[in-house]
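# only the shape, not the letters, is given here:
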């Protein structure tokens, strides 16, 4: 495959993303991780994203919303992470366990309302890495530490 055949990520990622607010921990690009949802609204957003190519926009909430509260775009940060749904497992209690591969950061250009779903027009951001490649191990360390804190 030549360089001419290669495509930038922005060319393969959709310009509009179904938005799924996440809290209390941000999701970083470059990870394979999982999320669990029990709220029907969140499950609907995941299902819609799967129907339209499997890409989700994950944006951290400024304040933790209670389950069942409406999504409020003023309570969301402007930068999030696009993730590809790799696998969805339906749980006996009605919830879902979703495995995702986080791809790239994006900035919200504009929020669009499409029925009950919050959709964002995305501008994909390039990561600026330091020359000595120390950012990747630190990001992984933060992820591991977060996991330890959640399950202890």
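Cool, the structure landed. Since the structure is predicted, the reported quantities are computational estimates derived from the model, not experimental observations.

# nearest the geometric middle of this structure, what residue?
Ranked by distance to the mean C-alpha position of the chain (CA atoms, centre = their mean), the top residue is residue 58 at 2.8 Å.

# hang on, it in a strand?
Yes - assignment of residue 58 by DSSP: H, G, I helix; E, B strand; the rest coil places it within a strand.

# isn't it up against residue 83?
Yes - under the criterion of CB atoms under 8 Å, residue 58 makes contact with residue 83 at 5.5 Å. For glycine as for every other residue, the C-beta is placed from the backbone atoms N, C-alpha and C.

# need the residues touching each of those two.
Common contact partners of residue 58 and residue 83 (CB atoms under 8 Å, 6 or more residues apart in numbering): 27, 100, 102.

# list the contacts for the last one?
Okay, so that is residue 102. 27, 28, 29, 30, 31, 32, 33, 58, 81, 82, 83.

# one more time with 10 Å
27-33, 56, 58, 81-84 (CB atoms under 10 Å, 6 or more residues apart in numbering).

# how deep is the residue lying closest to residue 33 once chain neighbours are set aside tucked in, by neighbour count?
Computed as CB to CB, 6 or more residues apart in numbering, the closest residue to residue 33 that is not its neighbour in sequence is residue 100, at 6.2 Å. Counted with other CB atoms under 10 Å, residues neighbouring residue 100 total 25.

# pairing partners for the longest strand along the chain, with directions?
For the chain, the strand with the greatest residue count under DSSP state E is strand 96-114. Partner strands and pairing direction for strand 96-114 (DSSP bridges) are strand 32-37 (antiparallel), strand 79-90 (antiparallel), strand 117-124 (antiparallel).

# now do the buried residues in that strand.
Neighbour-count burial for strand 96-114 flags 96, 98, 100, 102, 103, 104, 105, 106, 108 (criterion: 16 or more other CB atoms under 10 Å).
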